[in-house]
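> Need coordinates for the following:
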Amino acid sequence: MDKHFLLVFSLFCCIEAVTPLKCITCHLHMKSDRCRRGFGVCLAQKSESCMLLKIYKDYALQLSYMVCQRFCRNLALNFNNRTYIHHCCNSDYCNMSR
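Next up is the predicted model:
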């Protein structure tokens, strides 16, 4: 009986490990509003994680962008009086605009 349990448990672990990461997609999310373009879910491929990009002007959120992103990394960048903040994460739907 223990061998059967171990076999079933190991199969479950393999199936769970192969389940792709699910990320929210939204190509245009305006401040205090719903997604206006590209709302859905993407399945992250190899080397991808969920990414949330927030763009601020004068400390006020202007818009957000959410996708599956390859080789994503967390960073903040100031350019043309705007601040771009990339947030990467690796759990299902973790890039939901917060």
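> looking at it, residue 44 is touching residue 19, isn't it?
No - applying C-beta atoms under 8 Å, one finds residue 44 not in contact with residue 19, separated by 10.7 Å. Every residue, glycine included, has its C-beta placed from N, CA and C.
> more crowded one of those two?
residue 44 (20 against 9; other C-beta atoms under 10 Å).
> Quick check: the spatially closest residue to that one that is not a sequence neighbour vs residue 40, distance?
Sequence neighbours aside, residue 21 is the residue nearest to residue 44 in space, at 3.9 Å (criterion: C-beta to C-beta, 6 or more residues apart in numbering). Noted for residue 21: a distance of 15 Å to residue 40, by C-beta to C-beta, to the nearest Å.
> Settle it for me: which of those two has more neighbours?
residue 21 (18 against 12).
> what bridges to the residue nearest in space to the middle of the chain?
The geometric centre of the chain, computed from its C-alpha atoms, lies nearest to residue 50 (C-alpha atoms, centre = their mean), at 2.1 Å. Assessed by DSSP bridges, residue 50 has beta-bridge partners residue 68, residue 89.
> All the strands of this structure, residue numbers only.
Along the chain, counting by DSSP state E, strands occupy 22-30, 35-37, 40-43, 48-57, 60-70, 75-79, 82-89.
> Quick one: list the elements packing against the third one.
The criterion is 3 or more C-beta pairs under 8 Å, 6 or more residues apart in numbering; DSSP states H and E, and the helices and strands that strand 40-43 contacts are strand 22-30, strand 60-70.
> if we go to 6 Å?
strand 22-30 (3 or more C-beta pairs under 6 Å, 6 or more residues apart in numbering; DSSP states H and E).
> Contacts for the strand it packs on next, please.
35-42, 44, 50, 63-64, 66-68, 92-93, 95-97 (C-beta atoms under 6 Å, 6 or more residues apart in numbering).
> State the distance from residue 43 to residue 23.
8 Å.
> which of these two has more neighbours?
residue 23 (27 against 11).
> where in the protein is pLDDT low?
1-17, 97-98 (pLDDT under 70).
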